[in-house]
Every structure is written in C-alpha cells, then in structure tokens.
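Colleague: My questions are about this predicted structure, shown below with the sequence.
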Amino acid sequence: PRRRLPFDAASAESRFQLGREEITVEQTRYGNVMIVRRGLRPVVDEHAWSEDGTLTLRGSFADRPGQELQAVLYRRAATEVQALPVQRDGDRFTLAIPAACMPVFGSLQPLRDGIWTLKMRPAGQSGAELVPIYDHARLPEVTDRKLQFGRKTFVFTTTEYDLPMLVVAPVLGIAEQGRI
C-alpha cells in the first residue's frame, strides 16, 4: 500500500546519480516525501534579470557534461518557438533569455504576449527535449515579481510546482485597466 509521509522541515532533498539516471528524495508541493527514479534533468538553481530585460538562468545538468545544449521556449496555445544557445561549463549551464529584445525576422522585439514554457535539448536534436525543473530548495526565491521593460511586463515563475515559466503581458494604460 502507498503511504503518505511528511517531509521533515529540517531535512534537505537528495539526488543520487546512477549512470544516466538519478534517484531523488524530494518534497512534493503538498509537503510529503517522494522517491523518484528518472533520467537526469537540468536543474535551475538561480535566476536574475538584467537592466535590459535579459533573464539569466543558471543551474546544473550532470548528463554529458560539456555537451552543447539548446534551450527552446514554447508559447502556450500557439505555434511560436524560440531556440537559444545554452553555455556549458562541465555540469553547469547558463542560459540568457533576451526577453525584451529577441531576434525576430531580422529585428529585435520583445517576446509576444503569453505564457512561455522552457525545454532543453542537445544542440540540433529535435525530439530529445528535457523539461528542466527549478531546485526545490530555492523555490522561495521565485517571487513572481512583475517587471516592466518597455511596453511589456514579464514575470518569471514556476508552474506545476517546479517547472520554469515566463509570463509576458502588455502594459495597460489607465483606460484599458477597467473600473477601479
């Protein structure tokens, strides 16, 4: 039988690598212990915005250290996709997302309005996409803070507990905001 056990608040999550898989002892969004065996996944452990609207994500990915990676942003409910290079240094990675000035048909434009989800893959390999997660111990650092760059607002957050997501919306004028 399956039993729910509370995750001790004084404990830290653990990750053990077994070849190209890992066994993790994690806390669920409901505060229970979860033991998972899965393929290695990229883990984001830091994010920061720059003055020019670039979101930088840093983290680790133990599978094939040094292999070139590509990040793919998908806009929900649309066919729009943006591919970006990922910098690697051993098992560490850095991804710069120029959200306020993405190259689109030869000009720089902000990401279109909507919800953007993130996947990673070995460079040039379609279909081998991995969904990164945000480090559970650092989830409190994801504050859902709304930032404005030009005529757009950007919010970096997570969905389904630990999956990185970027929400882009227009800046509305007073008359467009409805009744107060």
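Modeller: Ah, there it is. Here the structure is a predicted model, which means the values were calculated and not measured.
Colleague: Residue 36 should be in a strand, yeah?
Modeller: Yes: Residue 36: assigned to a strand according to DSSP: H, G, I helix; E, B strand; the rest coil.
Colleague: so the residue lying closest to it once chain neighbours are set aside bridges to which residues?
Modeller: Spatial nearest neighbour of residue 36, chain neighbours left out: residue 24 (5.0 Å); criterion: C-beta to C-beta, 6 or more residues apart in numbering. Bear in mind the C-beta positions are built from the backbone N, C-alpha and C, glycine included. Assessed by DSSP bridges, residue 24 has beta-bridge partners residue 15, residue 36.
Colleague: now what about the helix or strand of the chain with the lowest mean pLDDT, what contacts it?
Modeller: One helix or strand of the chain scores below all others by mean pLDDT, DSSP states H and E: strand 102-104, with a mean of 86. Contact with strand 102-104 is made by 82, 108-111, as judged by C-beta atoms under 8 Å, 6 or more residues apart in numbering.
Colleague: What strands line up against that strand, and which way round?
Modeller: Taking DSSP bridges as the criterion, strand 102-104 sits next to strand 107-109 (antiparallel) in its sheet.
Colleague: what's the spacing between the partner strand and its chain's center?
Modeller: 23 Å (C-alpha atoms, centre = their mean, to the nearest Å).
Colleague: How much space separates residue 85 from residue 15?
Modeller: 26 Å (C-beta to C-beta, to the nearest Å).
Colleague: Give me the more crowded residue out of these two.
Modeller: Neighbours per residue, other C-beta atoms under 10 Å: of residue 85 and residue 15, the larger number sits with residue 15, 16 against 13.
Colleague: Please look at that one and residue 22 and confirm they touch.
Modeller: Yes: Residue 15 is in contact with residue 22 according to C-beta atoms under 8 Å; the separation is 5.6 Å.
Colleague: quick one: which of the contacts of strand 102-104 has the most company?
Modeller: Among the contacts of strand 102-104, residue 111 has the most neighbours (other C-beta under 10 Å), with 24 neighbours.
Colleague: Residue 156 versus that one, what's the distance?
Modeller: Taking C-beta to C-beta, one finds residue 111 at 12 Å from residue 156.
Colleague: which residues do these two both contact?
Modeller: Joint contacts of residue 111 and residue 156 (C-beta under 8 Å, 6+ apart) are residue 166.
Colleague: contacting residues around residue 45?
Modeller: Neighbours of residue 45 in contact, by C-beta under 8 Å, 6+ apart: 58-60, 134-135, 138.
Colleague: quick one: what helix or strand has it in it?
Modeller: For residue 45, the host element (DSSP states H and E) is strand 43-49.
Colleague: what's the average pLDDT for that strand?
Modeller: The average pLDDT for strand 43-49 rounds to 96.
Colleague: Okay then, goodbye and thanks.
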